[in-house]
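A.B. asks: using only what follows, build the 3D model:
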Amino acid sequence: MNQIHGHGVLNMMLASGKTYTNATLVADIVKKFGCDAKFHTCSAEDMTAEELVEFLETRGKFKPQTGGFQTAKDAICQH
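C.D. replies: As a prediction, the model looks like this:
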């Protein structure tokens, strides 16, 4: 099973330059990392793509934009 750090998702978002909704972000995560991937962060583990998106949202990692959200480089901890 793939174990992906949440930083990988945030970096994917930055690289894409796209504006996301929760649904489009989950779809891109599944497309890039696979439907069986599990995700972890510095403080949580064993999350699905949907759970990760919810987790990142509650942690303030998304910056509002017209039509959705994106992330910012300063929202990604550097460790």
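A.B. asks: tell me what the host helix or strand of Val53 is packed against?
C.D. replies: For Val53, the element it lies in under DSSP states H and E is helix 49-58. Secondary-structure packing of helix 49-58 (3 or more C-beta pairs under 8 Å, 6 or more residues apart in numbering; DSSP states H and E): helix 6-16, helix 22-33, strand 38-40. Yep, even glycine has a C-beta here, placed from its N, CA and C like the rest.
A.B. asks: buried residues in that helix?
C.D. replies: Buried residues in helix 49-58, defined by neighbour count with 16 or more other C-beta atoms under 10 Å: Ala49, Leu52, Val53, Phe55, Leu56.
A.B. asks: from Gln70, how far out is the first one?
C.D. replies: I take that to be Ala49. 17 Å (C-beta to C-beta, to the nearest Å).
A.B. asks: go on, the fourth one?
C.D. replies: Distance, Phe55 to Gln70, by C-beta to C-beta: 17 Å.
A.B. asks: list the residues that contact Phe39.
C.D. replies: Each residue near Phe39 by C-beta atoms under 8 Å, 6 or more residues apart in numbering is listed here: Gln3, Ile4, His5, Gly6, Val9, Met47, Thr48, Ala49, Glu51, Leu52.
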